[in-house]
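Enquirer: Quick one: sequence and predicted model below, then my questions.
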Amino acid sequence: MIGEVKIISRTHRKINGKYYARVRYKIGDGKPLEILRAVDNKSAVKPKLAEIEYELLKNGPTQLVAGKVTFRQLAQYAKDNVYVPAVYDDQETKIKGVRSVVPAHSALNNLIAFFADIDIRKINEKTLAEYQVARLSGTIKDRPKVSLSTVDRDLSKARRLFNIAIDEGWLLRSPFTKAVSRNLIHDAAETPDPVKTRELTDDEALRVIKALNTPERRHTLPVFIAAMDTGARRSSLLDYLRWKDINFEEEVITITAYKKGRNIKPTRWTVQMTSRLKIELLQLQLQRKNKNDDALVFKEAKVNLRKLWTAAYAEAEVPKGTRLFYSVRHNFATEMANEGVELPELANLLGHSDVKMTMRYYNLTKKTIDKARDILNRRAVASRQ
């Protein structure tokens, strides 16, 4: 495409209740093309039209345009703008990007190897299913045969890409309808990884505590104790727990969680403070330099935490691949369930808004089976009397 860019029209469209700024143009004597960008409301159309026209006249038509976006272009846009190294604010909270760029880019490269320069409008359930089969059978060039859970992760990335395309106005609707997503992407419960979803056993936890109690790792031990004794998530402990949330007198801790991003009102609930956790927190309080109650409790403990915990888990002979915080939270929840904590109460302790999320921890243990057997035996004896 070589020639002068000529603007044909500047209008807007309303599609499925959402407004789009629309600029139609030609390059030389070529056929009409268009750029379609989503906006928040009708009043935002004019500024967006001016922005599009400025970019088009300044940069030329090499930018992504509606109806002319290849999958490769879309994936590259995601690499450059979405899957970038994480950026943190002064409170060490992630505000942009992802913590693990390499795995994200690897998944995108897998997708590019199959979809390449296909127009994103031409990708549908059939082509997505073909990708699934090709990955499972190992028929994509230079790509090995993989498990279903790996394909699920790749397709989840693809779904995210199409949502990005819609947000940018490069696509009107995603091929990942609810039905397609249900058919092609399996929930974790359907394709569980037994290692990544396992809980840390009590014996393993004791060995991890011993492995963390060394000069190099000792500063992270209070976090492990807190995770064991509260069942709190990583972000709740490392990113949001402040000294004002610690009540030594009543031996309780206020946990904070942002369920749908930092712009949503947080959820807060109170959990218990065990004696061993209280000792760890009191020691930290004596050592802390920042006396501001808004200071993060575990700010120092965050330094190299993942690296040190991974080494400690290995030293404690915890199976490789066991998730660090998830396994501890799972241990807490399962132990509470096995000891008879009622479902609604455990849901409150875990910060679950729906008790259905808590049901997974009520497993059929030997203790439960023995209890059920005793109940039935007593009933049988009573019926014979």
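Expert: Sure thing, it's come through. Numbering: from 1, shown residues only.
Enquirer: centroid residue for the protein?
Expert: With distances taken as CA atoms, centre = their mean, Val98 lies nearest the centre of the chain, 9.5 Å away.
Enquirer: so it touches Val84, yeah?
Expert: Yes - between Val98 and Val84 there is a contact at 7.3 Å, judged by CB atoms under 8 Å. Every residue, glycine included, has its C-beta placed from N, CA and C.
Enquirer: hmm, back to that, next one: the residue nearest to the centre of the chain from Ala104, what distance?
Expert: Counting by CB to CB, to the nearest Å, the separation of Val98 from Ala104 is 6 Å.
Enquirer: Now do the shared contacts for these two.
Expert: Listed as contacting both Val98 and Ala104 by CB atoms under 8 Å, 6 or more residues apart in numbering are Tyr83.
Enquirer: Show me the longest helix that occurs in the protein.
Expert: Counting residues, the longest helix found in the chain (DSSP state H) is helix 148-168.
Enquirer: buried stuff in that helix?
Expert: Burial within helix 148-168, assessed by neighbour count using 16 or more other CB atoms under 10 Å, is assigned to 150-155, 157-162, 164-166, 168.
Enquirer: just those: which has the poorest pLDDT?
Expert: When it comes to pLDDT, Glu168 is the least confident member of the buried residues of helix 148-168, at 74.
Enquirer: Name the nearest residue to that one, sequence neighbours excluded.
Expert: Arg37 (6.5 Å; CB to CB, 6 or more residues apart in numbering).
Enquirer: isn't there a strand covering that neighbour?
Expert: Yes - under DSSP: H, G, I helix; E, B strand; the rest coil, Arg37 sits within a strand.
Enquirer: burial measure for it, as a count.
Expert: Applying other CB atoms under 10 Å, we find 23 residues neighbouring Arg37.
Enquirer: Does it touch Pro47 like I think?
Expert: No - applying CB under 8 Å, one finds Arg37 not in contact with Pro47, separated by 10.8 Å.
Enquirer: list the buried ones in whichever strand or helix holds Ala78?
Expert: Element membership for Ala78, per DSSP states H and E: helix 71-81. Buried residues in helix 71-81, counting neighbours by 16+ other CB under 10 Å, are found at Phe71, Arg72, Gln73, Leu74, Ala75, Tyr77, Ala78, Lys79.
Enquirer: which residues does the last one contact?
Expert: Counting by CB under 8 Å, 6+ apart, Lys79 makes contact with His105, Leu108.
Enquirer: mind redoing it with 10 Å?
Expert: By CB atoms under 10 Å, 6 or more residues apart in numbering, the residues touching Lys79 are Val101, Ala104, His105, Leu108, Asn109, Ile112.
Enquirer: So the fourth one is in contact with Ile164, correct?
Expert: Think Leu108. No - with contact defined as CB atoms under 10 Å, Leu108 does not reach Ile164; the gap is 11.6 Å.
Enquirer: tell me, what's touching the two both at once?
Expert: Leu74, Ala75, Ala78, Val82.
Enquirer: wait, which of these is closest to Val146?
Expert: Of all the shared contacts of Leu108 and Ile164, Val146 sits closest to Ala75, with 18.3 Å by CB to CB.
Enquirer: Could you measure from the closest one over to Asp245?
Expert: 41 Å.
Enquirer: so can I have JSON lines of the buried residues of helix 71-81 showing pLDDT and distance to Thr230?
Expert: Converted to JSON lines, the buried residues of helix 71-81 look like this (pLDDT from 0 to 100; distance: CB to CB, whole Å):
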{"residue": "Phe71", "pLDDT": "93", "distance to Thr230": "44"}
{"residue": "Arg72", "pLDDT": "90", "distance to Thr230": "46"}
{"residue": "Gln73", "pLDDT": "87", "distance to Thr230": "46"}
{"residue": "Leu74", "pLDDT": "91", "distance to Thr230": "42"}
{"residue": "Ala75", "pLDDT": "91", "distance to Thr230": "40"}
{"residue": "Tyr77", "pLDDT": "84", "distance to Thr230": "41"}
{"residue": "Ala78", "pLDDT": "88", "distance to Thr230": "36"}
{"residue": "Lys79", "pLDDT": "87", "distance to Thr230": "37"}
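Enquirer: Tell me which residues touch Tyr255, please.
Expert: One thing to correct before we go on: residue 255 is Ile, not Tyr. Listed by CB under 10 Å, 6+ apart, the contact partners of Ile255 are 226, 230-233, 236-237, 240-241, 245, 266-271, 349-351.
Enquirer: looking at this, Phe298 is in a helix?
Expert: No - counting by three-state DSSP, Phe298 is located in no helix; its state is coil.
Enquirer: Show me where the stretch 101-250 of the chain dips below the pLDDT cut-off.
Expert: 187-195 (pLDDT under 70).
Enquirer: show me where it has helices.
Expert: Assigned by DSSP state H, counting those that start in this stretch, the helices in the stretch 101-250 of the chain fall at 101-115, 125-137, 148-168, 178-184, 202-212, 221-230, 234-235.
Enquirer: His330 - nearest residue in space that isn't next to it in sequence?
Expert: Closest residue to His330 apart from its sequence neighbours, by CB to CB, 6+ apart: Glu199 at 3.7 Å.
Enquirer: Surely the one you found and Val328 touch.
Expert: Yes - counting by CB under 10 Å, Glu199 does reach Val328; the two are 8.2 Å apart.
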